[in-house]
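# Please find the sequence and the predicted model below.
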Amino acid sequence: AASGSADAAISFTDALEITNDGRGLSQFTAKAWINFNGTGTIAIRDSHNVSSITDNGTGDYTVTFSNAMANANYAVSTNGNQELDPSTHSDTIGKIPGVNNQVAANFELMCGFFAVSVEVRDFELVQATVFGD
């Protein structure tokens, strides 16, 4: 919206930017997202603003942005899934895709299961969505 007074310069604040490829960017749109296979040779299935993923070890991945965030104060929402052998795992075990070591250029994602103790595992389906500046 425009602001100013009579005979003064008018300034504008961008609430929404439309990019050349037709995407709309605002404070309320995802700045990055990824869907990848975290087992065996890890592979990105699809993504936006993600240049690469690194396998740091069992259930431990680093997601690197194509265009870094303005700072490390962004929010990451994660989801993951791994098929379990029902003879050794009960339905009460929860899934933990968690974020660690978050900086402007990348973040570390840890996957595992928990019951009495944490069991770090590679997940077949790992997803993350990033909001921020």
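Yep, that arrived.
# what about the chain, any weak spots by pLDDT?
1-6, 15, 22-28, 83-96, 114-116 (pLDDT under 70).
# let's see 50
By pLDDT under 50, the weakly predicted segments of the chain are 91-92.
# in terms of contact, does residue 124 touch residue 38 like I think?
Yes - Residue 124 is within contact range of residue 38, at 6.9 Å (criterion: C-beta atoms under 8 Å). Bear in mind the C-beta positions are built from the backbone N, C-alpha and C, glycine included.
# what about these two, which has more around it?
Under the criterion of other C-beta atoms under 10 Å, the comparison of residue 124 against residue 38 puts residue 38 first, with 23 against 14.
# Tell me the spacing between the more buried one and residue 7.
Computed as C-beta to C-beta, to the nearest Å, the residue 38 to residue 7 distance reads 61 Å.
# Likewise for residue 126?
From residue 126 to residue 7 the distance is 57 Å (C-beta to C-beta).
# now do residue 127
Distance from residue 127 to residue 7, by C-beta to C-beta: 53 Å.
# So for those two, which residue has more residues nearby?
Between residue 127 and residue 7, residue 127 has the larger neighbour count (other C-beta under 10 Å), namely 19 against 5.
# residues contacting the more buried one?
Contact partners of residue 127, counting by C-beta atoms under 8 Å, 6 or more residues apart in numbering, are 33-36, 78-80, 97.
# Identify the bridge partners of it.
residue 35, residue 79 (DSSP bridges).
# Now the nearest residue to residue 43 once chain neighbours are set aside. Its backbone dihedrals?
The shortest distance from residue 43 to any non-neighbouring residue, by C-beta to C-beta, 6 or more residues apart in numbering, is to residue 37 (5.0 Å). Main-chain torsions, residue 37, degrees, to the nearest 10: phi -90, psi 120.
# Having no further points to raise, I will conclude here.
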